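Peer 1: dropping a prediction and its sequence here:
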Amino acid sequence: MSAGIIDGKQVSQRILDQVKARVDARRTRALRPPGLAVIRVGEDAASKIYVRNKLRACERCGIESTVLEIPDTTTQAELLARIDDLNHSEIIDAILVQLPLPSHIDSDTVTDGIEPTKDVDGFHPCNVGRLMLGRTGLRPCTPRGVMTLLRHIGVTVTGMDAVVLGRSNIVGRPMALELMHAGATITVCHSRTRGLEDKVAAADLVVAALGKPRFVEGSWIKTGAIVVDVGITRLADGSLVGDVDFEPARRRAAWITPVPGGVGPMTVASLLENTLQAAELRETGATTP
Ligand code: NAP
(Lines give C-alpha, C1' and ligand atoms only; values in the text may rest on other atoms or scores of the structure.)
Protein backbone atom coordinates (compact mmCIF):
# COMPACT_ATOMS: atom_id res chain seq x y z
CA MET A 1 0.00 0.00 0.00
CA SER A 2 1.22 3.52 -0.70
CA ALA A 3 -0.66 6.37 0.92
CA GLY A 4 -2.22 9.27 -0.90
CA ILE A 5 -0.28 12.42 -0.19
CA ILE A 6 -2.39 15.19 1.36
CA ASP A 7 -1.13 18.25 -0.47
CA GLY A 8 -1.41 21.09 2.05
CA LYS A 9 0.15 23.57 -0.34
CA GLN A 10 -2.54 22.97 -2.93
CA VAL A 11 -5.42 23.02 -0.43
CA SER A 12 -4.08 26.17 1.21
CA GLN A 13 -3.97 27.93 -2.18
CA ARG A 14 -7.62 27.05 -2.65
CA ILE A 15 -8.47 28.47 0.80
CA LEU A 16 -6.52 31.66 0.03
CA ASP A 17 -8.43 32.00 -3.26
CA GLN A 18 -11.70 31.72 -1.33
CA VAL A 19 -10.56 34.34 1.21
CA LYS A 20 -9.50 36.67 -1.62
CA ALA A 21 -12.88 36.29 -3.34
CA ARG A 22 -14.65 37.21 -0.08
CA VAL A 23 -12.33 40.19 0.50
CA ASP A 24 -12.98 41.36 -3.09
CA ALA A 25 -16.72 40.98 -2.53
CA ARG A 26 -16.42 43.22 0.54
CA ARG A 27 -14.84 45.93 -1.65
CA THR A 28 -17.82 45.85 -4.01
CA ARG A 29 -20.04 46.46 -0.96
CA ALA A 30 -17.80 49.43 0.01
CA LEU A 31 -16.49 47.61 3.08
CA ARG A 32 -12.83 48.09 3.97
CA PRO A 33 -10.47 45.09 3.74
CA PRO A 34 -9.90 43.16 6.98
CA GLY A 35 -6.90 44.40 8.98
CA LEU A 36 -4.38 42.12 10.70
CA ALA A 37 -1.70 43.40 13.10
CA VAL A 38 1.24 41.11 13.81
CA ILE A 39 3.53 41.86 16.74
CA ARG A 40 6.99 40.38 16.70
CA VAL A 41 9.19 40.89 19.77
CA GLY A 42 12.94 40.36 19.47
CA GLU A 43 15.04 38.80 16.76
CA ASP A 44 14.07 35.10 16.72
CA ALA A 45 15.05 33.92 13.21
CA ALA A 46 12.22 31.38 12.82
CA SER A 47 9.65 33.98 13.93
CA LYS A 48 10.86 36.35 11.22
CA ILE A 49 10.24 33.67 8.57
CA TYR A 50 6.79 32.78 9.96
CA VAL A 51 5.75 36.45 10.09
CA ARG A 52 7.02 37.06 6.55
CA ASN A 53 4.96 34.12 5.25
CA LYS A 54 1.85 35.42 7.00
CA LEU A 55 2.29 38.92 5.58
CA ARG A 56 2.81 37.54 2.06
CA ALA A 57 -0.40 35.54 2.31
CA CYS A 58 -2.27 38.66 3.47
CA GLU A 59 -1.00 40.57 0.46
CA ARG A 60 -2.13 37.79 -1.87
CA CYS A 61 -5.67 37.96 -0.43
CA GLY A 62 -6.01 41.74 -0.17
CA ILE A 63 -5.96 41.72 3.64
CA GLU A 64 -4.31 44.83 5.10
CA SER A 65 -1.46 43.73 7.33
CA THR A 66 0.80 45.68 9.57
CA VAL A 67 3.76 44.39 11.55
CA LEU A 68 5.03 45.91 14.77
CA GLU A 69 8.65 44.93 15.30
CA ILE A 70 9.43 45.52 18.94
CA PRO A 71 12.90 45.18 20.52
CA ASP A 72 13.38 42.44 23.11
CA THR A 73 14.25 45.10 25.69
CA THR A 74 10.55 46.05 25.68
CA THR A 75 8.84 45.52 29.02
CA GLN A 76 5.67 43.48 29.43
CA ALA A 77 3.77 46.65 30.38
CA GLU A 78 4.90 48.39 27.17
CA LEU A 79 3.86 45.41 25.08
CA LEU A 80 0.45 45.28 26.78
CA ALA A 81 0.02 49.01 26.08
CA ARG A 82 0.69 48.43 22.35
CA ILE A 83 -1.85 45.59 22.35
CA ASP A 84 -4.38 47.82 24.06
CA ASP A 85 -3.97 50.44 21.31
CA LEU A 86 -4.69 47.74 18.73
CA ASN A 87 -7.67 46.49 20.76
CA HIS A 88 -9.21 49.95 20.34
CA SER A 89 -8.21 50.48 16.69
CA GLU A 90 -11.09 50.87 14.22
CA ILE A 91 -9.08 49.43 11.32
CA ILE A 92 -7.50 46.42 13.04
CA ASP A 93 -9.78 43.39 13.21
CA ALA A 94 -7.22 40.79 14.19
CA ILE A 95 -4.16 40.76 16.46
CA LEU A 96 -1.45 38.12 16.48
CA VAL A 97 1.52 38.11 18.85
CA GLN A 98 4.16 35.85 17.33
CA LEU A 99 5.48 33.31 19.85
CA PRO A 100 7.91 32.65 21.45
CA LEU A 101 8.27 35.82 23.52
CA PRO A 102 11.43 36.78 25.44
CA SER A 103 11.63 35.10 28.84
CA HIS A 104 10.86 38.30 30.83
CA ILE A 105 7.41 38.47 29.22
CA ASP A 106 4.64 36.12 30.32
CA SER A 107 2.87 34.84 27.22
CA ASP A 108 -0.33 33.97 29.13
CA THR A 109 -0.65 37.57 30.37
CA VAL A 110 -0.08 38.83 26.83
CA THR A 111 -2.69 36.45 25.40
CA ASP A 112 -5.16 37.55 28.06
CA GLY A 113 -4.54 41.17 27.02
CA ILE A 114 -5.87 40.64 23.48
CA GLU A 115 -9.52 41.51 22.89
CA PRO A 116 -11.21 38.09 22.34
CA THR A 117 -13.01 39.24 19.18
CA LYS A 118 -9.57 40.14 17.70
CA ASP A 119 -7.75 37.06 19.02
CA VAL A 120 -7.00 35.59 15.62
CA ASP A 121 -4.82 32.79 17.05
CA GLY A 122 -7.75 31.58 19.16
CA PHE A 123 -5.56 31.33 22.28
CA HIS A 124 -7.53 33.68 24.60
CA PRO A 125 -9.28 31.78 27.43
CA CYS A 126 -12.60 33.05 26.07
CA ASN A 127 -11.99 31.44 22.67
CA VAL A 128 -10.52 28.28 24.21
CA GLY A 129 -13.66 28.03 26.37
CA ARG A 130 -15.90 28.45 23.35
CA LEU A 131 -14.01 25.69 21.51
CA MET A 132 -14.33 23.48 24.58
CA LEU A 133 -18.10 24.06 24.59
CA GLY A 134 -18.39 23.53 20.84
CA ARG A 135 -19.58 27.09 20.23
CA THR A 136 -18.59 29.34 17.35
CA GLY A 137 -15.46 31.39 17.93
CA LEU A 138 -11.97 32.04 16.67
CA ARG A 139 -10.33 28.60 16.58
CA PRO A 140 -6.57 27.90 16.85
CA CYS A 141 -5.16 27.96 13.31
CA THR A 142 -3.23 24.68 13.10
CA PRO A 143 -6.05 22.37 14.28
CA ARG A 144 -8.48 24.33 12.10
CA GLY A 145 -6.16 23.73 9.14
CA VAL A 146 -5.97 20.00 9.92
CA MET A 147 -9.77 19.76 9.97
CA THR A 148 -9.89 21.52 6.58
CA LEU A 149 -7.37 19.02 5.16
CA LEU A 150 -9.41 16.07 6.44
CA ARG A 151 -12.56 17.50 4.85
CA HIS A 152 -10.64 18.01 1.61
CA ILE A 153 -9.79 14.29 1.30
CA GLY A 154 -13.42 13.45 2.06
CA VAL A 155 -12.74 11.75 5.38
CA THR A 156 -15.61 11.31 7.79
CA VAL A 157 -14.02 11.48 11.19
CA THR A 158 -17.21 10.40 12.97
CA GLY A 159 -16.71 7.10 14.76
CA MET A 160 -12.97 6.94 14.12
CA ASP A 161 -10.46 6.10 16.85
CA ALA A 162 -8.08 9.08 16.75
CA VAL A 163 -4.79 9.45 18.58
CA VAL A 164 -3.37 12.93 19.13
CA LEU A 165 0.32 12.95 20.09
CA GLY A 166 1.00 16.09 22.15
CA ARG A 167 -1.15 18.13 24.52
CA SER A 168 0.11 21.69 24.00
CA ASN A 169 -2.33 24.59 24.18
CA ILE A 170 -1.63 25.59 20.60
CA VAL A 171 -1.85 22.22 18.84
CA GLY A 172 -2.53 18.97 20.74
CA ARG A 173 -5.28 20.10 23.10
CA PRO A 174 -7.40 22.10 20.61
CA MET A 175 -6.80 19.37 17.99
CA ALA A 176 -8.30 16.79 20.34
CA LEU A 177 -11.33 19.04 20.94
CA GLU A 178 -11.87 19.63 17.21
CA LEU A 179 -11.77 15.89 16.53
CA MET A 180 -14.05 15.13 19.47
CA HIS A 181 -16.61 17.68 18.21
CA ALA A 182 -16.36 16.01 14.78
CA GLY A 183 -17.39 12.69 16.35
CA ALA A 184 -14.09 10.84 16.75
CA THR A 185 -13.10 8.96 19.89
CA ILE A 186 -9.95 10.59 21.16
CA THR A 187 -6.82 9.39 22.93
CA VAL A 188 -4.34 12.15 23.79
CA CYS A 189 -0.75 11.01 24.37
CA HIS A 190 2.06 13.00 25.99
CA SER A 191 5.42 12.51 27.65
CA ARG A 192 3.87 10.55 30.54
CA THR A 193 1.83 8.18 28.36
CA ARG A 194 2.48 4.46 28.77
CA GLY A 195 2.23 2.14 25.77
CA LEU A 196 2.14 4.97 23.25
CA GLU A 197 3.15 2.68 20.38
CA ASP A 198 0.16 0.36 21.00
CA LYS A 199 -2.21 3.32 21.10
CA VAL A 200 -0.89 4.57 17.75
CA ALA A 201 -1.13 1.05 16.30
CA ALA A 202 -4.85 0.92 17.15
CA ALA A 203 -5.67 4.33 15.65
CA ASP A 204 -7.64 5.04 12.47
CA LEU A 205 -6.28 8.59 12.55
CA VAL A 206 -2.98 9.77 14.03
CA VAL A 207 -2.14 13.45 14.50
CA ALA A 208 1.47 13.89 15.57
CA ALA A 209 2.43 17.18 17.29
CA LEU A 210 5.42 16.41 19.47
CA GLY A 211 8.35 18.25 17.93
CA LYS A 212 10.41 15.02 17.95
CA PRO A 213 11.83 14.28 14.50
CA ARG A 214 10.73 10.91 13.04
CA PHE A 215 9.51 9.80 16.48
CA VAL A 216 6.56 7.80 15.10
CA GLU A 217 7.88 4.71 13.38
CA GLY A 218 6.25 3.46 10.20
CA SER A 219 5.72 -0.01 11.69
CA TRP A 220 3.44 1.52 14.38
CA ILE A 221 0.89 2.74 11.83
CA LYS A 222 -2.24 0.63 11.33
CA THR A 223 -2.74 -0.39 7.70
CA GLY A 224 -5.11 2.07 6.06
CA ALA A 225 -4.81 4.73 8.79
CA ILE A 226 -4.71 8.47 8.14
CA VAL A 227 -1.53 10.19 9.34
CA VAL A 228 -1.33 13.93 9.89
CA ASP A 229 2.12 15.21 10.79
CA VAL A 230 2.12 18.63 12.46
CA GLY A 231 5.71 18.45 13.71
CA ILE A 232 8.44 20.46 12.03
CA THR A 233 12.08 20.19 13.04
CA ARG A 234 15.05 21.62 11.18
CA LEU A 235 17.93 19.11 11.23
CA ALA A 236 21.62 20.05 11.37
CA ASP A 237 21.88 19.60 7.58
CA GLY A 238 19.16 22.23 7.10
CA SER A 239 16.40 19.81 6.04
CA LEU A 240 12.92 19.93 7.57
CA VAL A 241 11.39 16.76 8.97
CA GLY A 242 8.18 15.86 10.74
CA ASP A 243 7.41 13.73 13.78
CA VAL A 244 6.59 10.72 11.60
CA ASP A 245 9.11 8.56 9.75
CA PHE A 246 7.50 9.40 6.44
CA GLU A 247 8.53 6.71 3.94
CA PRO A 248 7.77 3.60 6.04
CA ALA A 249 4.57 5.22 7.38
CA ARG A 250 3.50 6.01 3.83
CA ARG A 251 3.71 2.32 2.92
CA ARG A 252 1.05 1.47 5.57
CA ALA A 253 -1.21 4.53 5.66
CA ALA A 254 -4.13 5.37 3.37
CA TRP A 255 -3.39 9.11 3.55
CA ILE A 256 -0.43 11.04 4.92
CA THR A 257 0.70 14.67 5.07
CA PRO A 258 4.27 15.49 3.98
CA VAL A 259 6.66 17.79 5.85
CA PRO A 260 7.11 20.40 4.53
CA GLY A 261 4.03 21.08 2.40
CA GLY A 262 1.39 19.47 4.61
CA VAL A 263 0.00 21.16 7.71
CA GLY A 264 2.34 24.21 7.66
CA PRO A 265 0.68 26.09 4.75
CA MET A 266 -2.74 25.27 6.22
CA THR A 267 -1.88 27.12 9.44
CA VAL A 268 -1.31 30.30 7.44
CA ALA A 269 -4.48 29.78 5.38
CA SER A 270 -6.52 29.29 8.57
CA LEU A 271 -5.05 32.49 10.02
CA LEU A 272 -6.42 34.41 7.05
CA GLU A 273 -9.81 32.71 7.36
CA ASN A 274 -9.82 33.73 11.03
CA THR A 275 -8.87 37.33 10.14
CA LEU A 276 -11.80 37.56 7.74
CA GLN A 277 -14.08 35.95 10.33
CA ALA A 278 -12.92 38.52 12.94
CA ALA A 279 -13.68 41.41 10.55
CA GLU A 280 -17.15 40.03 9.81
CA LEU A 281 -17.77 39.50 13.51
CA ARG A 282 -16.91 43.09 14.37
CA GLU A 283 -19.30 44.38 11.71
CA THR A 284 -22.15 42.60 13.45
CA GLY A 285 -21.21 44.56 16.59
CA ALA A 286 -20.53 41.33 18.47
CA THR A 287 -18.72 41.77 21.77
CA THR A 288 -17.94 38.06 22.10
CA PRO A 289 -16.53 35.78 19.38
P1 NAP B 1 5.19 21.62 22.57
O2 NAP B 1 4.48 22.76 23.22
O3 NAP B 1 6.64 21.40 22.84
O4 NAP B 1 4.38 20.28 22.94
C5 NAP B 1 4.91 19.03 22.62
C6 NAP B 1 4.01 17.96 23.18
O7 NAP B 1 4.59 16.70 22.86
C8 NAP B 1 3.85 18.01 24.70
O9 NAP B 1 2.52 17.76 25.05
C10 NAP B 1 4.75 16.87 25.19
O11 NAP B 1 4.26 16.20 26.35
C12 NAP B 1 4.67 15.91 24.03
N13 NAP B 1 5.88 15.08 23.97
C14 NAP B 1 7.15 15.49 23.89
N15 NAP B 1 7.98 14.45 23.86
C16 NAP B 1 7.21 13.33 23.94
C17 NAP B 1 7.48 11.94 23.95
N18 NAP B 1 8.73 11.47 23.88
N19 NAP B 1 6.45 11.09 24.02
C20 NAP B 1 5.18 11.55 24.08
N21 NAP B 1 4.86 12.87 24.07
C22 NAP B 1 5.86 13.73 24.00
O23 NAP B 1 5.06 21.68 20.99
P24 NAP B 1 3.90 22.31 20.05
O25 NAP B 1 3.98 23.79 20.10
O26 NAP B 1 2.62 21.64 20.31
O27 NAP B 1 4.45 21.87 18.62
C28 NAP B 1 4.64 20.50 18.30
C29 NAP B 1 5.32 20.41 16.93
O30 NAP B 1 4.46 20.98 15.97
C31 NAP B 1 6.64 21.18 16.81
O32 NAP B 1 7.49 20.49 15.93
C33 NAP B 1 6.22 22.49 16.19
O34 NAP B 1 7.26 23.11 15.47
C35 NAP B 1 5.13 22.01 15.27
N36 NAP B 1 4.14 23.03 14.90
C37 NAP B 1 3.83 23.08 13.59
C38 NAP B 1 2.86 23.96 13.17
C39 NAP B 1 2.50 23.99 11.73
O40 NAP B 1 1.90 24.94 11.28
N41 NAP B 1 2.81 22.94 10.97
C42 NAP B 1 2.22 24.79 14.08
C43 NAP B 1 2.55 24.69 15.43
C44 NAP B 1 3.51 23.78 15.83
P45 NAP B 1 4.15 16.92 27.79
O46 NAP B 1 2.96 17.81 27.70
O47 NAP B 1 3.96 15.80 28.73
O48 NAP B 1 5.43 17.67 27.98
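Peer 2: Everything's here; your move. No experiment lies behind these values; they were computed from the predicted model shown. Numbers count the residues shown, from 1 in each chain.

Peer 1: now the strands for this protein?
Peer 2: Remark: strands assigned in the chain by DSSP state E are 4-5, 35-41, 64-70, 94-97, 161-165, 185-189, 205-208, 226-229, 233-234, 240-241, 255-256.

Peer 1: export those strands as TSV, with columns for distance to Trp220 and mean pLDDT.
Peer 2: (Each C-beta comes from the backbone N, C-alpha and C, glycine too.) Formatted as TSV, these follow (distance: least, CB to CB, whole Å; pLDDT from 0 to 100):
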stretch	distance to Trp220	mean pLDDT
strand 4-5	19	98
strand 35-41	38	98
strand 64-70	41	97
strand 94-97	35	98
strand 161-165	10	99
strand 185-189	12	98
strand 205-208	8	98
strand 226-229	10	98
strand 233-234	19	94
strand 240-241	17	96
strand 255-256	13	98
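
Peer 1: residue contacts, Asn274?
Peer 2: When contacts are counted by CB atoms under 8 Å, 6 or more residues apart in numbering, Asn274 touches Ala94, Val120, Asp121, Gly122, Leu138, Arg139, Cys141, Arg144.

Peer 1: does the fourth one touch Thr142 like I think?
Peer 2: Meaning Gly122. No - between Gly122 and Thr142 there is no contact under CB atoms under 8 Å: 9.8 Å.

Peer 1: any residues in contact with both of those two?
Peer 2: Residues touching both Gly122 and Thr142 (CB under 8 Å, 6+ apart): Pro174.

Peer 1: centroid-nearest residue for the chain?
Peer 2: What sits nearest the mean C-alpha location of the chain, by CA atoms, centre = their mean, is Thr142, with 1.8 Å.

Peer 1: which strand residues bridge the nearest residue to Arg82 once chain neighbours are set aside?
Peer 2: The shortest distance from Arg82 to any non-neighbouring residue, by CB to CB, 6 or more residues apart in numbering, is to Leu68 (6.3 Å). For Leu68, the beta-bridge partners are Ile39 (DSSP bridges).

Peer 1: now do the contacts for Leu68.
Peer 2: By CB under 8 Å, 6+ apart, the neighbours of Leu68 are Ala37, Val38, Ile39, Arg40, Arg82.

Peer 1: do Leu101 as well
Peer 2: Val41, Gly42, Ser107, Val110.

Peer 1: filter the residues you listed down to the buried ones.
Peer 2: For those, a burial check counting by 16 or more other CB atoms under 10 Å picks out Val41, Gly42, Val110.

Peer 1: please report how far the first one lies from the ligand.
Peer 2: Look at Val41 and the ligand: by CB to the nearest ligand atom, to the nearest Å, they are 18 Å apart.

Peer 1: give me the number of residues near the closest residue to that residue other than its chain neighbours?
Peer 2: Nearest residue to Val41 in three dimensions, chain neighbours excluded: Ile70, at 4.8 Å (CB to CB, 6+ apart). By other CB atoms under 10 Å, 17 other residues sit near Ile70.

Peer 1: do the same with Arg194
Peer 2: By other CB under 10 Å, neighbour count at Arg194 equals 7.

Peer 1: what separation do you get for Gly42 and the ligand?
Peer 2: Counting by CB to the nearest ligand atom, the gap from Gly42 to the ligand is 18 Å.

Peer 1: oh, I was asking about Pro140
Peer 2: 9 Å.

Peer 1: next one: Arg234
Peer 2: The spacing between Arg234 and the ligand, counted by CB to the nearest ligand atom, is 9 Å.

Peer 1: where's the residue nearest to that residue when sequence neighbours are not counted relative to Leu131, distance?
Peer 2: Ranked by CB to CB, 6+ apart and with sequence neighbours excluded, the top spatial neighbour of Arg234 is Leu240, at 5.7 Å. Distance from Leu240 to Leu131, counting by CB to CB, to the nearest Å: 28 Å.

Peer 1: now the nearest residue to Leu138 once chain neighbours are set aside: phi and psi?
Peer 2: Excluding the flanking residues, the one nearest Leu138 by CB to CB, 6+ apart is Gly122, at 4.4 Å. Backbone geometry at Gly122, expressed as degrees, to the nearest 10, gives phi 70, psi 30.

Peer 1: can you check the pLDDT for Gly122?
Peer 2: Note on Gly122: pLDDT of 98.

Peer 1: compute the number of surrounding residues for it.
Peer 2: Neighbours around Gly122, by other CB under 10 Å: 25.

Peer 1: mind listing what it touches?
Peer 2: Per CB under 8 Å, 6+ apart, neighbours of Gly122: Val128, Leu131, Gly137, Leu138, Arg139, Pro140, Cys141, Arg144, Pro174, Asn274.
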